[in-house]
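[1] The sequence and its predicted three-dimensional model are supplied below.
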Amino acid sequence: MAAAAALRSRRFKWSLDLGAAPGARPRGAAEGRGPLGFADRQLGEGGVHESDKILMEKRCWDVALAPLKQIPMNLFIMYMAGNTISIFPAMMVCMMGWRPLQALMSLSATLKALESSSRRALQGLVFLVGNGLGLALALYKCQAMGLLPTRPSDWLAFVTPPQRMEFTGGGLIL
Amino acid sequence: MGMGGGMCPGAVSGVRGPAPTFAVPLGFRHGSAVLSGPRAARGLPGAGGAAPRAACALPAALRRFLRAGGGAGCPAVQKAPPVPGPLSWRRGRGRCCCRFWCCCLWPPPSTRTKWASSTGERRGSRRVGSPLPWAGPAPAAPLPPRSHFTGAPVPSRRRQQYVGKLKFASLEASQGSKKLVVATEENVVAALNSRSGEILWRHVDKGTPEGAVDAMLIHGQDAITVSNAGRILRSWETNIGGLNWETSLDTGSFQGAALVGLPEAVKYVAVLKKAALSLHYLSNGHQKWVEQLPESESTQYQLLYSRGTGVIHVVGIVPQSHLNVLTFNVEDGEITKQVRVAAPWLGALQGCCAVVGEAVLVCVDTAARSLHVCALDTEQDMRNIPLQSLELEFADDFQARILATQPSVTSASRTQFFLQLSPSHFSLLQYKQGLLSHLRDFQQAALVSFATTGEKTVAAVLTCRSELKPGSSDGLHAGSTLEDARRQDSLTCSNQTYNINLYLVETGQRLLDTTITFNLEQGGARPQQLYIQVFLKKDDSVGYRALVQTEDHMLMFLQQPGKVVWSREESLAEVVSLEMVDLPLTGAQAELEGEFGKKADGLLGMFLKRLSSQLILLQAWTAHLWKMFYDARKPRSQIKNEINIDNLARDEFNLQKMMVMVTASGKLFGIESSSGTILWKQYLRNVKPGSSFKLMVQRTTAHFPHPPQCTLLVKDKETKMSFLYVFNPIFGKRSQVAPPVLKRPILQTLLLPIMDQDYAKVLLLIDDEYKVTPFPATKNVLRQLEEIAHSIYFYLVDAEQGKLSGFRLKKDLSTEESWEVAIPTEVQRIVTVKGKRSNEHVHSQGRVMGDRSVLYKSLNPNLLAVVTESTDTHHERTFIGIYLMDGVTGRIIHSSVQKKAKGPVHMVHSENWVVYQYWNTKARRNEFTVLELYEGTEQYNATAFSSLDRPILPQVLQQSYIFPSAISAMEATITERGITSRHLLIGLPSGAILSLPKALLDPRRPEIPTEQSREENLIPYSPDVQIHAERFINYNQTISRMRGIYTAPSGLESTCLVVAYGLDIFQTRVYPSKQFDVLKDDYDYVLISSVLFGLVFATMITKRLAQVKLLNRAWR
C-alpha cells in the first residue's frame, strides 16, 4: 500500500489545494499563479515516506509474531479438548499440527514478504521459532493423547517370535 | 539332572489354592454379565486377544486413534447381533475383502462346481462312496440356504448321527414295514428307516456299562429292553420311540429274558437272573411274581423257554456234572417240576444247546461227536445220538454250535436247526418224533439265519462265491507279526463276493429266485451278522431283504437281486483319532505349480510352458464361465455336482479339507469336510479291538508333485507290538513307501520339523529300549539328524509307574536319559499330559498394559502341563495336581495342588496359558482354573528360545471361575497366523458346544476395575461363567456322547474349522473375532457399485461440459 501511494505521488506532478478560500481572489501572475490546487514548492518526500516505513516495519513484525500469538490460544484449546481420543480433539490436534507445518512449507513466500523490512533476519527467525513452538505443542498434545509410537507396546506387532533352539515331543506311553 | 525323589504334593512349593472370591454381591455379577454381552457380540477380541488389531501392522498409536474414532463415530456397532446368532445368517454371500478379492474375477472353476453341488444333494441322494446323507432333519434356523457363489464362507454345519455296532436287531416280517429296531454296543436303542437307512428315533443311554443293553425283545409295536446288567426293564413304542413304561428289577446278574405266551396271547416277559426268575406284565411292566431258583449257588441258570403251554422251562447247568431243569407255572410261579439230568460232558449251555420242536433240548458234544437230546416236559435223561452215521465231520479245535428258531412264543419251536461244525460249515438237521434226519449241508457258508413269515420258515445262508480261505491273503500286510496271530480264526472270501440264498426249512430245498449277490470292497471286512426280513409276495412266493453287518461295523441293507438299498458306516460312532488335510490343487493349478517343480529347460522352453499352462487356465476359466451361465438358468435344486475323488480340489479359502478319521474298529475314513461325503474308506483287518492309534501327517499337499502322506501307528494293547500304515490321505491309497518293520514295541513317536529330499517330515519312533528308528531313513535324513541331534529331546510319561523322563538324542540315534521326575503312584496318578500343538502360531508376543507398556508372554514351546489326580477319592482328602514342566530340562516351572478337587480333569494348553476344569467337592460344583505365564516387561532373549538358558522363572497368574455344567470335551480354536482371538470350545454333556471367549477366562480380570484395566479392555472379575445359549455353535444339532473336539486352521485368518466327534460327528466353522477379513453378508454391492459408476459417469459429463464452456468463452 505504501509503495502504491509513493508511486502515485510521483506520477501526478500537480496537486489541488482544496484549502484555499473559495471567495478569495487569485494571487498575481507574478507569483506564478497556477491552476487550482497548484503549489509552487515541491512536494516533500520525507514525511510520507517516514510513516510508511514505520507501518511496513510494524506489518512485518505482525507477520513474524503471528505464530507466537497463536500459542496461548492453542494452549487454551488444548486444555479444553482434554486427552480423550474422539473426533473433535483429534481434528483440533490435526489442525494444530498442520498449520505450523503449512507455514513452514511456505516459508520462502513469507520471507519474501518480509524483504522490505530492515530486520528481516530477526523477523524470519521469530517466525520460524513461533511455528516450531506451535509444532512442538501439537506434538506434545499428540504425546499426551497417546498418539505417538514411543512405547514398546506400539512396536509389539513387529516383534518376531524367538527362534526355537531345541525340539521336543513325546507323551504318555502308547 | 534328576528332579527325582518323592514329589509329595504337600511339599510342593508355590502351592496355590483356588483363587475365586465368592463374596461378590449379586448386582455386581449381573452387571458384569451385561458388560460381557456386547463385547462378545461385537466379537471384540478383548484384552486377551489384542491380536486382530495388531494384524494391520499399523503403529499402535494410529490404531488406537482409529479405534477410538470409530467407536465414537458409529455407535451402531454396539447393536450388532450376537456372534453365532442363528438369525444373523441371512445369505452366505460374504466375500473376502483384502487379499483374495481377485478371486471374484478369476475363480478357479472347480470350486464353483463344488459349492453349487452341495445345494442339490443335501438330502437323500446317493453319493459316491457312501449313500449316507448327513442324517437328521435340517434344523429350523441354523442351516442357511447354500450360497450360489463360490467359495463364499457359508456357515456350514453338518451332523451325522450313528448308532454303533449292532447287538440286537429286529426286522418286521412284512413287505411294507418301514423300520428296523436295533440295540447296539454303544448303548443305543434306535429305529432305522429301512427304506433310507436314516434314524427314525434314537435313545442314547449312558456310555458306561450301566447303560448297556443286555437283551431286546420285540412284541408287536413294542420293544422290550433289559439294560444296566438286568436292573432296568423298559418298553418302547417303536413307531415314535416313546417310552411305554420302565421298571427297575432286583439286583442279580442277568442271564436271559424271554417273552412268555399263553396259548391265546403274549402277555408277559420273563427275566432270568442268577438266583431268581421274575415275570412282568407286558402292558405296564408290573411284576406278576418272582421266584427264587433252587441251588443257585452251584447252578448257572442260563436258558429260558416257553411255548404257550402255561409253563416256563428254566435250564441250569452245573458244568461237567448235570443240568437242572425247572418248570414254572406261569400263573402263580410255582415250580411244578424239577429234574436233574446228568450231563458230565457239558461245559456251558450257551451255543451248545438249544430247544427245538416241542421243548426238546438238543445239545452237541464236540468231543464225542454226538448230539444229546432230552424232552423237557417228559424225559429225565439225555439220549445220545451219534453223528457219525450222518457223515458229518467236525472241525478240529472248533466248538460246535446249535442254532434253532422259535417263530412265535405261543407255539413250539421249529424242529429244524443248524449245527455249525466248523467256521464255514453248517448243517441243517431236523429232530422230529425222536428221529434225527439230515436235511442239507452248507459248505463255505459264512453266516446263517432263520426267518419266518406267516407259516413259512426259511433259512438264509450267506456263502462266499469263491472259496473261503484262511488268513488274509489279499488283505493289508502291515509287515508285522500281528498278522500271524490273527490267521487262526480268519476266513476270507478271496474275491469278496457273497451270495445269500433262502432254503425252506422243512425240506432243505433252495427257493428259486431268492439269490442276493453282493460285493464287499477288496481287502475289506467279512460279514459278521445276518438278519433277514422275509415276506410273502402277492403271488405267495417268498421275498426278502437282508441286513448284513460286517466286521468293520458297516451295515448294509440288501434287496433282491443284490441291490444295496442303503449302507451305514457305524464304525464312525467310535472315532479315536482325526486329522484334517488340505485338499489338493486343481489340475490347472497343479500344472502351474508343476512348472516350478521341474528342472528348467531353457528360456524358450520355460516360456512356452508358461504360455501353455496359462492357456489351460484360460480354458478352464471359460469352461467355468460357460457352466455358470448354463447353470444359472436351471433351478438351484437341479444343479447337481457331487463331490467325488476326481473333482476334489481346494477352494480359494481352503475351507474344505479332508478329514482323515481313524475308528476303533480299525477302519480309516476320508471325509470331505463341507459335505460330509465319505470319499474313501480303508479297513485294516489286523487291528485288534482296544489298540491305540497315533495319526501323523508327514507330508501335506503343499509339495505338489509328491503326494501327501499320512502315517498311522497302531499298537496292540496286549502284545505291545505295533505297525505303521502309510497312506495317501486324499485318495486313501496305501503308499508305495515301505515303512520300517518294527521289531520292538514302540513307546512314542516324534514328528520332527526336518524334511527329507521328498519333503516328508521325519518321524522318530522310540522303542522300549529307548532306541530311535527314523522314518524315512534315507541318507539325507540321517545326515540331517546327525547335525541336529543335539537339539532333539523327547519325554516319556509312564502313568503306571508315575514316572516322567526326558531323553536326549545322540548322534548314533541312541538316547541318553537327561531327567526324570517321579510322582509317587500311591498318592497320585498321572491322568493327562499335554504339550502345545506344533502347528500353533502366536502372533503377538505380549500384551499391552493400560500404561502402554508390554507384558511379554512366556511362550515356552517345550512346556508340558501334567495333571494328576489323588488316589484317595474321599471328598475331604481328594485333590488334583497341576505341574508345568519344561520338556527339555525337566524343570518344574510351576506346580499347584488343588485340594478338595476331583477329576475328570479336562485341560487345554495353548500359547502361554493352561485352562483346566475339575469338580470341586467342597462346594460341589464345576470350576475352571486358568493359568497364564508371563516373562514380565522385558524379554530375556528376544531372538532365540532355549530351555537350557532360562534363568528367570515366568510369572504365573491364576484365577478360577464357577462353571454351571460338567463338560465332556474341551479344545481351543486355532487359526492360520494366530491373530484372531482365541475361544474355548466346550462340549457339554447335553450335546451342545459352547464357544467361550478366552477373554472371559483371563487371570488379569480385575476385581475392582480401574482406569488402566478399562483401557486394556479387561472385563471385571465375576466368579461365574455363564452359559449363554446364543454361544452354542451347534444350536439344536446336539452331539451325543461327545468325546473330542478337533480344531484346524483354514485359509482365512478369521475362520477356524471345528469337528466334534462322539456318537455323532459334527463339522462347522467358527469365527472367534467375527469375519474381519470377509465382507459382510449384507454388504451392499449394488449401492456401492452404482455410486462408483455414477461418479465416473458424472466426471465424464462434467469434463465434457467444461470443455464446451471453455470453447464458448474463447469465442466471445
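    Cool, got the structure.
[2] Secondary structure element holding residue A:61?
    According to DSSP states H and E, residue A:61 maps onto helix A:46-81.
[3] For chain A, which residues are neighbours of chain B?
    A:84-87, A:90, A:146-149, A:151-174 (Cβ under 8 Å from any Cβ of the partner chain). (Each C-beta comes from the backbone N, C-alpha and C, glycine too.)
[4] So which of these belong to helices?
    A:87, A:90 (DSSP state H).
[5] Quick check on the residues of chain A next to chain B: which are buried?
    Buried subset of the residues of chain A next to chain B (neighbour count, 16 or more other Cβ atoms under 10 Å in any protein chain shown): A:85, A:90, A:146-149, A:151-154, A:156-157, A:159, A:161-162, A:164-174.
[6] Verify the contact between residue B:277 and residue B:271 for me.
    Yes: with contacts counted by Cβ atoms under 8 Å, residue B:277 reaches residue B:271, the gap being 7.3 Å.
[7] who has more neighbours, the two?
    Using other Cβ atoms under 10 Å in any protein chain shown as the criterion, residue B:277 and residue B:271 rank with residue B:271 on top: 27 against 23.
[8] Report the beta-bridge partner residues of that one.
    residue B:257, residue B:278 (DSSP bridges).
[9] Can you give me every residue that contacts it?
    Taking Cβ atoms under 8 Å, 6 or more residues apart in numbering or on different chains, we find residue B:271 in contact with B:226, B:230, B:233, B:249, B:254, B:256-257, B:277-280.
[10] do the same with residue B:179
    Residue B:179 touches B:172, B:191-194, B:200, B:238-239, counting by Cβ under 8 Å, 6+ apart.
[11] So, low pLDDT: which residues of the chain?
    In the absence of a named chain, this looks at chain A. A:1-12, A:17, A:19-33, A:42-49 (pLDDT under 70).
[12] please go with chain B instead
    Using pLDDT under 70, chain B drops low at B:1-157, B:173, B:175, B:467-492, B:523, B:587-601, B:634-643.
[13] Would you map the helices across it?
    For chain B, applying DSSP H gives helices covering B:26-42, B:51-54, B:60-73, B:109-120, B:482-487, B:587-597, B:603-632, B:779-788, B:1011-1015, B:1085-1115.
[14] elements contacting the longest one?
    With contacts defined as 3 or more Cβ pairs under 8 Å, 6 or more residues apart in numbering or on different chains; DSSP states H and E, helix B:1085-1115 has no packing partner among the helices and strands.
[15] buried set for that helix?
    Within helix B:1085-1115, no residue counts as buried by 16+ other Cβ under 10 Å.
[16] how far is that helix from where the chain is centred?
    Taking Cα atoms, centre = their mean, to the nearest Å, one finds the center of helix B:1085-1115 at 63 Å from the center of the full chain.
[17] picking that back up, and the helix holding residue A:61, how far from the chain's centre?
    Centre to centre, stretch against its chain (Cα atoms, centre = their mean), the figure for helix A:46-81 is 8 Å.
[18] helices or strands up against it?
    helix A:2-11, helix A:87-105, helix A:107-113, helix A:120-145.
[19] okay if I get these as a markdown table plus distance to residue B:1096?
    Below are the helices and strands packed on helix A:46-81 laid out as a markdown table (distance: least, Cβ to Cβ, whole Å):
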| stretch | distance to residue B:1096 |
| --- | --- |
| helix A:2-11 | 49 |
| helix A:87-105 | 30 |
| helix A:107-113 | 37 |
| helix A:120-145 | 38 |
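[20] Identify the residue nearest the most centrally placed residue in chain B in space, chain neighbours excluded?
    Residue closest to the average C-alpha location in chain B (Cα atoms, centre = their mean): residue B:575, at 3.1 Å. Leaving aside its sequence neighbours, residue B:575 sits nearest to residue B:1061 (Cβ to Cβ, 6 or more residues apart in numbering or on different chains; 4.3 Å).
[21] cool, and residue B:849?
    Nearest non-adjacent residue to residue B:849 (Cβ to Cβ, 6+ apart): residue B:855, at 5.7 Å.
[22] who touches that neighbour in this structure?
    Per Cβ under 8 Å, 6+ apart, neighbours of residue B:855: B:846-849, B:934, B:936-937.
[23] quick revisit: how close does the residue nearest to the centre of chain B get to residue B:209?
    21 Å (Cβ to Cβ, to the nearest Å).
[24] Likewise for residue B:632?
    In this view, residue B:632 and residue B:209 are 57 Å apart by Cβ to Cβ.
[25] Equivalent analysis for residue B:222, please.
    25 Å.
[26] Then residue A:104?
    Separation of residue A:104 from residue B:209 (Cβ to Cβ): 85 Å.
[27] likewise residue B:573?
    17 Å.
[28] which of the two has more neighbours?
    residue B:573 (28 against 10).
[29] which residues touch the more buried one?
    So residue B:573 contacts B:162-165, B:186, B:553, B:1063-1064 (Cβ under 8 Å, 6+ apart).
[30] Name every strand pairing with the lengthiest strand in chain A and say which way it goes.
    What stands out as the longest strand in chain A, according to DSSP state E, is strand A:167-172. The strands beside strand A:167-172 in its sheet (DSSP bridges) come out as strand B:792-798 (parallel).
[31] Can you check what angle separates the partner strand from helix B:779-788?
    90 degrees (axes from the mean of the first three to the mean of the last three Cα atoms, to 10 degrees).
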